[in-house]
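Enquirer: Turn this into a model:
(chains A, B, C and D)
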4 protein chains.
Amino acid sequence: MSIVTVRFRSEALGKHTSFNVIHPEAGPGPYPVLLQLHSYSDDSYSWLYGSNLARHAGEYPMIVILPDGGTSRYLNLATHDRFGLQRYEDQMMRDIPAEVNRLFHVRDGAWAIGGLSMGGYGALRLGMKHPERFASIWAHSAGLRPLDEAFLGLLDDPADASVDGWAERLAEAGSGTGPRISFDCGVDDDLLRYNRELDAHLTRIGLDHYYAEHPGAHTWDYWDEHVREALRQHAEVLGVVSVDS
Amino acid sequence: MSIVTVRFRSEALGKHTSFNVIHPEAGPGPYPVLLQLHSYSDDSYSWLYGSNLARHAGEYPMIVILPDGGTSRYLNLATHDRFGLQRYEDQMMRDIPAEVNRLFHVRDGAWAIGGLSMGGYGALRLGMKHPERFASIWAHSAGLRPLDEAFLGLLDDPADASVDGWAERLAEAGSGTGPRISFDCGVDDDLLRYNRELDAHLTRIGLDHYYAEHPGAHTWDYWDEHVREALRQHAEVLGVVSVDS
Amino acid sequence: MSIVTVRFRSEALGKHTSFNVIHPEAGPGPYPVLLQLHSYSDDSYSWLYGSNLARHAGEYPMIVILPDGGTSRYLNLATHDRFGLQRYEDQMMRDIPAEVNRLFHVRDGAWAIGGLSMGGYGALRLGMKHPERFASIWAHSAGLRPLDEAFLGLLDDPADASVDGWAERLAEAGSGTGPRISFDCGVDDDLLRYNRELDAHLTRIGLDHYYAEHPGAHTWDYWDEHVREALRQHAEVLGVVSVDS
Amino acid sequence: MSIVTVRFRSEALGKHTSFNVIHPEAGPGPYPVLLQLHSYSDDSYSWLYGSNLARHAGEYPMIVILPDGGTSRYLNLATHDRFGLQRYEDQMMRDIPAEVNRLFHVRDGAWAIGGLSMGGYGALRLGMKHPERFASIWAHSAGLRPLDEAFLGLLDDPADASVDGWAERLAEAGSGTGPRISFDCGVDDDLLRYNRELDAHLTRIGLDHYYAEHPGAHTWDYWDEHVREALRQHAEVLGVVSVDS
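Expert: Here you go, the predicted structure:
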């Protein structure tokens, strides 16, 4: 695969910023796209340095975008000025897709979205909030702990941050019409309880999903292993086949 | 010179981020340091791509640090949670100096600080607020427009954002003891008026400084030319001599 | 503009390597392409750090590719093994175009080619050798000194390295059918004499070209200024108009 | 850890080039150094993207240097001109150490050296040829296939390329005085036979070493796993202790 770093201007952040791309080596495109989100404390390089994602993803004729989501949970944090902008949902949903389409040979249609921890929360929330934009979601060790008051104060509308809420709207729209939804968590992960609660909630409201637990904790060894299952689902849903098959 | 990119973890931002470094080619060190700040909408690459700073700075045995200040005006924006952190003053004054000292051969003692527009404001404010940390300040086209209410609401203490205020404290401490202070502005720059006001204010309160106006507007052609004077002052104050001399 | 770094596998070098891209910010493409070559001792970053090319080129809806040509003069140096490969002409003419077409939205048709010193030689030679591939050539301070025996020994066919030779073939094919050919040199440049000789040779053989001399020596100040004329020609020949016009 | 990219000028290559650095996050230094070499077709990013080396190495207060060795086998390929330079041994032994010492806080004394395939050959050869410079060697899946005639023609002295030869000199100097020597190979690796032959040769000449075979082939899964043992040896020999211990 080729590794591409793009430094561009994001309207949503009011500044230049960068994202990384794992670009398939084979074929002429157009390619489907996976938006793969990082965790709290990480950046656009974390999946590259912390795991073998570049190698795993290299098997698929699929563009993988690795953005920098700050510490925003991939939300639009409220600002009332052109300074201090942290409109990360807009960066993910508007600026980066526009730049990716402008630069690369991208297939029309829905993308896939994935991530770990804070990025797992981001993948579930963005994927369910924008079901017409994402055909496949896979979250690892999703950061689903209830948000505290201090953080909710950074939002224009706290309800917008709720994965449960977006799941309910999706269930109302009729299961089977939205993205394929999967998530997993390690049995020694402190976030296990919240992932189980989401699993129970989705079952209760009748939203089709796949949830799995595996040995392991909140570690890169866990994510390096289980991101391969996520890639397989994304590739299958997006209709691409492993280069090695 | 060598160009170095450092990706590290910043406590103040709660995340991994990067800065660029123009590192002198000659001599064994330890080297003095210049912290050179970018403008609104820019990032750690802007001085490298927008100007010939790498080439100009290569003449001096001095490390130039090019951080990413977001759109923060290099202030600590108020946050009440580990998410959404924008404590950029802390990144500039604590995290980056610690990382730079940990990585490179840095001479003990005060640094120099410079910048353009938002970064000119940052250089003046940080340099005057921390006079024991900076021996030389040079701001180009400083963004000195009064802050509006929306932005002041992002600060714990609006007074902390005032360049005038920090200048007054410095004047009270006795002129001649603090950093050498210089700034310039193009005569066709919309910020000219505010730079003239600062010049008048500093004169009024008796704070030694150098202020110059030149032909030109708020453009990279202007900064690419005038940053050379800034480098000469920083080198002189820090006691280093041009390699070419 | 966006700055893009691409790390890919080059067959011609038998290894992974990188090139930089100045990608226009405006419009959806497809974009015409300029291949801009560096000098001896430089690499794919030299035009970005040594000049304001990123800024100058940002005015045009044109992709600028900045490859790494090693110290090869952009020739295929002879090797008889998979180790030690330095087939740089093949990298320029085959691997990079394939990668650029695979990644980006590139307009069909001929590219432009430019460069300085060793890269000026490369631009003239590759542009004249492959007239169907390049519509516009502009060389600054071209490295046209006669090659010494040691270097000619690295080539399968020394005649292949001759700019004069390729110019003659082009003249025979009929002037006006090939690329627009321009070059310039500083009057204090040690290479001046060789550039004058090429000018005289092209005139003698009847190959249309533009040659100019300007104040200045073999310095980045010279190239930073005169690359703007080169960009104007490339844009005109490729039929693109400055964004600012 | 911090990830650092250094772009500098290498005399041995006659050009600017880059290397990557995994720099420990903890402690003030000075730090010992591991020079970790890549395989044929790879570059200074391969260990970062192909394996979890950044994460594994992050456990140790040790600087890891990831150079670009071209396709040179880390040898000085013969050239008789300033063009086409491929003096990679000189880059490894002279330019990079000088730059690393100039930039970073490096502990005096011998370094460690490692690598895979072509880089495993490089680690064994450079480590044994310069026993005063390296205290610890670990090669994975070393590229020890006999060199063919075409390649030997690129060398000033073919004997200089022989690992067996340098091992013999080391054995003559007295075992126990040189670096700790280890290597491993996968049982399904095509290079297995040559690694066994080196093991037998070292035993025959009485040079202390450790050789292991493991399940696996010439793959990144193999190297990602076994580089951890190599790091443990390097850390032990260099006298550093895992941060997690």
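
Enquirer: Not counting its neighbours along the chain, what's nearest A:G58?
Expert: Nearest-residue entry for A:G58: A:M1, 3.8 Å, with adjacent residues in sequence omitted and distances by C-beta to C-beta, 6 or more residues apart in numbering or on different chains. (Each C-beta comes from the backbone N, C-alpha and C, glycine too.)

Enquirer: meant to ask about A:G239, not that
Expert: Spatial nearest neighbour of A:G239, excluding adjacent residues (C-beta to C-beta, 6+ apart): A:P32 at 7.4 Å.

Enquirer: what's the answer for A:S72, then?
Expert: Computed as C-beta to C-beta, 6+ apart, the closest residue to A:S72 that is not its neighbour in sequence is A:Y88, at 3.9 Å.

Enquirer: tally of neighbours for the residue nearest to A:G239?
Expert: Neighbour count for A:P32, taken as other C-beta atoms under 10 Å in any protein chain shown: 25.

Enquirer: For it, give me its contacts.
Expert: Taking C-beta atoms under 8 Å, 6 or more residues apart in numbering or on different chains, we find A:P32 in contact with A:62-63, A:106-107, A:109, A:111-112, A:238-240.

Enquirer: Return the angle between stretch directions for the host helix or strand of A:H226 and helix D:220-238.
Expert: For A:H226, the element it lies in under DSSP states H and E is helix A:220-238. Calculated by axes from the mean of the first three to the mean of the last three C-alpha atoms, to 10 degrees, helix A:220-238 forms an angle of 160 degrees with helix D:220-238.

Enquirer: Give the buried residues for helix A:220-238.
Expert: By 16 or more other C-beta atoms under 10 Å in any protein chain shown, the buried positions in helix A:220-238 come out as A:220, A:222-227, A:229-231, A:233-235, A:237-238.

Enquirer: and of those residues, the nearest to chain B?
Expert: Taking C-beta to the nearest C-beta as the measure, A:W220 is the one of the buried residues of helix A:220-238 closest to chain B, at 13.7 Å.

Enquirer: hang on, that closest one packs against A:S51?
Expert: Yes: A:W220 lies in contact with A:S51 (C-beta atoms under 8 Å); the separation is 5.8 Å.

Enquirer: which residues are common contacts for the two?
Expert: Counting by C-beta under 8 Å, 6+ apart, the shared contacts of A:W220 and A:S51 are D:N52.

Enquirer: Buried ones in the helix or strand of chain A with the lowest mean pLDDT, by neighbour count?
Expert: Using mean pLDDT, DSSP states H and E, the weakest-scoring helix or strand in chain A turns out to be helix A:149-152, at a mean of 86. Neighbour-count burial for helix A:149-152 flags A:F151 (criterion: 16+ other C-beta under 10 Å).

Enquirer: contacts for that helix?
Expert: For helix A:149-152, contacts defined as C-beta under 8 Å, 6+ apart pick out A:73, A:158, A:161, B:79-81, B:83-84.

Enquirer: cutoff 7 Å now
Expert: Contact with helix A:149-152 is made by A:158, B:80-81, B:83, as judged by C-beta atoms under 7 Å, 6 or more residues apart in numbering or on different chains.

Enquirer: what's the answer for stretch A:181-196, then?
Expert: Contacts with stretch A:181-196, where a contact means C-beta under 7 Å, 6+ apart, come from A:120, A:124, A:137-145, A:208-218, A:222, A:226, A:233.

Enquirer: switch to 8 Å and redo it
Expert: By C-beta under 8 Å, 6+ apart, stretch A:181-196 touches A:117, A:120, A:124, A:127-128, A:137-146, A:198-199, A:202, A:207-219, A:222, A:226, A:229-230, A:233.

Enquirer: coming back round to it: list buried residues within the contacts of A:P32.
Expert: Members of the contacts of A:P32 classed as buried by 16+ other C-beta under 10 Å are A:62-63, A:106-107, A:111-112, A:238, A:240.

Enquirer: give me the low-pLDDT residue ranges for chain A?
Expert: When residues are selected by pLDDT under 70, those of chain A lie in A:175-176, A:243-245.

Enquirer: how about the residues of it near chain B?
Expert: Contact residues, chain A versus chain B (C-beta under 8 Å from any C-beta of the partner chain): A:7, A:9, A:13-18, A:40-43, A:45-46, A:70-73, A:77, A:79-86, A:148, A:150-151, A:153-154.

Enquirer: Whichever of those residues end up buried, select them in ChimeraX.
Expert: The ChimeraX selection below is limited to those of the residues of chain A next to chain B classed as buried (16+ other C-beta under 10 Å):
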select /A:7,9,13,14,15,16,17,18,40,41,42,43,45,46,70,71,72,73,77,79,81,83,84,85,86,151,154
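
Enquirer: Which members of the residues of chain A next to chain B are positioned in helices?
Expert: Taking DSSP state H as the definition of helices, the residues of chain A next to chain B contribute A:46, A:150-151.

Enquirer: Tell me the one of these nearest chain D?
Expert: Nearest to chain D among these, with distances taken as C-beta to the nearest C-beta, is A:S46, at 10.0 Å.

Enquirer: quick one, what contacts the closest one?
Expert: A:S46 makes contact with A:38-39, A:66, B:16, according to C-beta under 8 Å, 6+ apart.

Enquirer: now swap in A:G70 and tell me
Expert: Counting by C-beta under 8 Å, 6+ apart, A:G70 touches A:86, A:88, B:13, B:15, B:84.

Enquirer: do the same with A:A217
Expert: A:186, A:188-189.

Enquirer: export these to a markdown table and tack on neighbour count and secondary structure?
Expert: Listed next are the contacts of A:A217 as a markdown table, based on neighbours: other C-beta atoms under 10 Å in any protein chain shown; DSSP: H, G, I helix; E, B strand; the rest coil:
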| residue | neighbour count | secondary structure |
| --- | --- | --- |
| A:G186 | 23 | strand |
| A:D188 | 13 | coil |
| A:D189 | 22 | coil |
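
Enquirer: With distance to C:H56 added, can I get those residues in JSON lines?
Expert: Below are the contacts of A:A217 laid out as JSON lines (distance: C-beta to C-beta, whole Å):
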{"residue": "A:G186", "distance to C:H56": "52"}
{"residue": "A:D188", "distance to C:H56": "56"}
{"residue": "A:D189", "distance to C:H56": "52"}
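
Enquirer: of these, closest to chain C?
Expert: The shortest approach to chain C among these belongs to A:G186, at 32.2 Å (C-beta to the nearest C-beta).

Enquirer: ok, the closest one to A:M118 distance?
Expert: As judged by C-beta to C-beta, to the nearest Å, A:G186 and A:M118 stand 16 Å apart.

Enquirer: Contact partners for A:S72?
Expert: A:86, A:88, B:83-84.

Enquirer: Correction: the previous question concerned A:A159.
Expert: A:A159 is in contact with A:G165, counting by C-beta under 8 Å, 6+ apart.

Enquirer: Regarding it, what is its secondary structure?
Expert: Put simply, A:A159 is helix when judged by DSSP: H, G, I helix; E, B strand; the rest coil.

Enquirer: Give me the phi and psi angles of the closest residue to A:R107 other than its chain neighbours.
Expert: With sequence-adjacent residues excluded and distances taken as C-beta to C-beta, 6+ apart, A:R107 is closest to A:P30, at 4.0 Å. Per-residue torsions, A:P30: phi -70, psi 150 (degrees, to the nearest 10).

Enquirer: do the same with A:I3
Expert: In terms of degrees, to the nearest 10, the main-chain angles of A:I3 are phi -110, psi 130.

Enquirer: How about it: which residues does it bridge to?
Expert: Beta-bridge pairing for A:I3 (DSSP bridges): A:I22, C:R7.

Enquirer: Would you confirm that it contacts D:Y45?
Expert: Yes: at 6.9 Å, A:I3 counts as touching D:Y45 under the criterion of C-beta under 8 Å.

Enquirer: shared neighbours of these two, anything?
Expert: C:R7.

Enquirer: could you pull out the strands for chain A?
Expert: With DSSP state E as the criterion, chain A has strands at A:2-10, A:15-23, A:33-37, A:63-66, A:76-77, A:86-87, A:111-116, A:134-140, A:180-186, A:210-214.
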